[in-house]
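A.B. asks: Next one to model:
(one chain, ligands or ions: 1)
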Amino acid sequence: MTIDLAPTLPRETALRRLGQVFEEAGLPNARTDARFLALHALALTPLDLSLRGREPIGEAGAAALGQAAARRLAGEPVARIIGAWEFWGLPFALGPETLVPRPDTESVVEAALRLFPERDRPLRLIDLGTGSGCILVALLHERPGALGIGLDRAQGALAVARRNAEANGVGDRAAFLCGSWLDAMTGPFDLIVSNPPYIAAPVIATLEPEVRLHDPPAALDGGVDGLDAYRAILSDIARRPGLLSTRGALVMEIGYDQGQALTRLGRAMGFEDMSVGRDLAGNDRVVTLRPSLAGR
Ligand code: GLN
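C.D. replies: Numbers count the residues shown, from 1 in each chain. Reported below is the predicted structural model:
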C-alpha cells in the first residue's frame with residue numbers, strides 16, 4: 001500500500017491523514033506511530049511540529065513520509081523505520097543485529113541499581129549479549145563511578161553499542177568485546193547483567209510479526225525450552241564463583257512464565273540467594289541471583 005501526500009499539504013494535516021490511514025489499517029497505536037514517523041521523516045522536533053504545523057511538508061518531506069508510511073503499513077515496527085528508539089530516557093541507535101529495546105527491560109536496570117544504591121561508588125559491570133548496549137549504557141549513566149564491558153557475539157551489534165555509549169556520554173567507561181557469555185572473562189564483577197535470548201524455539205513462530213520478522217533471531221532464540229542461555233551463564237558462574245565480587249550479583253531478564261524455571265535452575269546450580277521481580281505490567285521479568293558465599 002502506498003500513501004500519496006501532496007507537497008503543499010500542511011505538516012499537521014499530513015500527520016492527521018497518516019494517523020487516519022494507520023487507524024483504518026487497524027494499527028493499534030495509529031496516532032503515536034504517525035507522530036513518530038512524521039517527526040522522523042520531516043526531520044522536525046516536537047516543538048517545530050507544534051509551532052510550525054501550518055508549513056507545507058514539501059517535495060522531500062512528502063516522499064520521505066510516503067516511504068515511511070508504506071514501510072509501517074507493510075508491518076515494519078516504527079523503531080526499525082526510524083533506526084533508533086528510547087530506553088531509560090536515553091536515545092539508542094539500532095542495527096539489524098540488535099533488538100529494539102523494550103520498556104520491560106528497564107526492570108533489569110532498576111533491579112541492578114537497587115542492589116547498588118550509592119550513586120558514586122566504583123562498580124565493575126558486564127552486560128552479556130549487550131545488543132544496542134541499552135542496559136549497560138543506562139547503568140553507566142546512573143552510576144558515574146562504574147566501568148563496564150558490553151559483550152556480544154555479533155560484531156554489528158558491538159559497533160552499534162559503542163556508538164550508543166559514546167552518544168550517551170559514557171563511552172570512556174565502556175569497553176565492547178566480541179565473545180560468548182563469560183568464557184573469556186575473569187572478573188570479579190559487581191554486576192553481571194543480561195537480557196539473553198529466552199524464547200523457546202517452537203514459540204518463535206507464534207510471536208507477533210513485528211518481533212518475528214524484524215528482531216534478530218539470535219537475540220530471541222533460547223533453544224528448545226528457552227533456557228539455554230541461562231544454563232550457560234549460570235554454569236559459568238557456578239564453576240567460577242570468583243567471576244562475582246563478594247557483594248556481586250547476576251541480574252537477568254526472563255520471560256513472563258520463566259520465574260519458577262529459573263529459580264529451580266538456580267537452586268540446582270548452587271545459587272542460594274534468588275529473587276524474581278516484576279515488570280510494570282505485573283509479569284515476572286527479572287531474576288537476581290547470587291552464588292552461595294561458601295564457594296567464594
Ligand atoms: N522480550 C522479547 C520479546 O518479547 C524477547 C527478548 C529476549 O528473548 N530476550 O519478544
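
A.B. asks: Straight-line length of stretch 69-85, end to end?
C.D. replies: Start and end residues of stretch 69-85 are separated by 17 Å (C-alpha to C-alpha, to the nearest Å).

A.B. asks: which of the residues in that stretch are buried?
C.D. replies: Using 16 or more other C-beta atoms under 10 Å as the test for burial, stretch 69-85 gives 69, 72, 76, 77, 78, 79, 80, 81, 82, 84, 85. C-betas here are computed from N, CA, C, even on glycine.

A.B. asks: which non-adjacent residue is nearest the spatially most central residue of the chain?
C.D. replies: Against the mean C-alpha coordinate of the chain, by C-alpha atoms, centre = their mean, the closest residue is residue 101 at 2.4 Å. Excluding its sequence neighbours, the residue lying closest to residue 101 (C-beta to C-beta, 6 or more residues apart in numbering) is residue 87, at 3.7 Å.

A.B. asks: can you check residue 136 too?
C.D. replies: Of all residues not flanking residue 136 in the chain, residue 127 sits nearest, at 3.9 Å (C-beta to C-beta, 6+ apart).

A.B. asks: tell me the contacts of the residue nearest to the centre of the chain?
C.D. replies: Remark: with contacts taken as C-beta atoms under 8 Å, 6 or more residues apart in numbering, residue 101 is in contact with 85, 86, 87, 92, 131, 132, 134.

A.B. asks: Figure out how far the helix or strand harbouring residue 275 is from the centre of its chain.
C.D. replies: If you go by DSSP states H and E, residue 275 is part of strand 271-278. Counting by C-alpha atoms, centre = their mean, to the nearest Å, strand 271-278 is centred 22 Å from the centre of its parent chain.

A.B. asks: OK, contacts around residue 134?
C.D. replies: By C-beta under 8 Å, 6+ apart, the residues touching residue 134 are 87, 88, 90, 92, 101, 105, 164.

A.B. asks: Closest one of the residues you listed to the ligand?
C.D. replies: residue 105 (7.3 Å; C-beta to the nearest ligand atom).

A.B. asks: pLDDT at that closest one, what is it?
C.D. replies: Looking at residue 105, its pLDDT is 97.

A.B. asks: interface residues of the stretch 1-150 of the chain facing the ligand?
C.D. replies: Contact residues, the stretch 1-150 of the chain versus the ligand (C-beta under 6 Å from any ligand atom): 99, 102, 104.

A.B. asks: Now the second one, what are its backbone angles?
C.D. replies: It refers to residue 102. phi -100, psi 150 (degrees, to the nearest 10).

A.B. asks: pLDDT value on it, please?
C.D. replies: 96.

A.B. asks: how many neighbours does it have?
C.D. replies: Per other C-beta atoms under 10 Å, the neighbour tally for residue 102 reads 18.

A.B. asks: pLDDT weak spots in the chain?
C.D. replies: Low-confidence segments of the chain, defined by pLDDT under 70: 1, 293-296.

A.B. asks: quick check: longest strand of it.
C.D. replies: strand 244-253 (DSSP state E).

A.B. asks: Can you pull out the residues in contact with that strand?
C.D. replies: The contact list for strand 244-253 (C-beta under 8 Å, 6+ apart) reads 104-105, 107-108, 111-112, 115, 124, 187-196, 198, 230, 233-234, 237, 262, 273, 285-291, 293, 296.

A.B. asks: 7 Å instead?
C.D. replies: For strand 244-253, the surrounding residues in contact (C-beta atoms under 7 Å, 6 or more residues apart in numbering) are 105, 108, 111-112, 115, 187-196, 230, 237, 285-291, 296.

A.B. asks: How far off centre is it?
C.D. replies: Distance, centroid of strand 244-253 to centroid of chain: 20 Å (C-alpha atoms, centre = their mean).

A.B. asks: Show me where this structure has its strands.
C.D. replies: 84-87, 90-93, 123-128, 146-152, 174-178, 189-194, 244-253, 271-278, 284-291.
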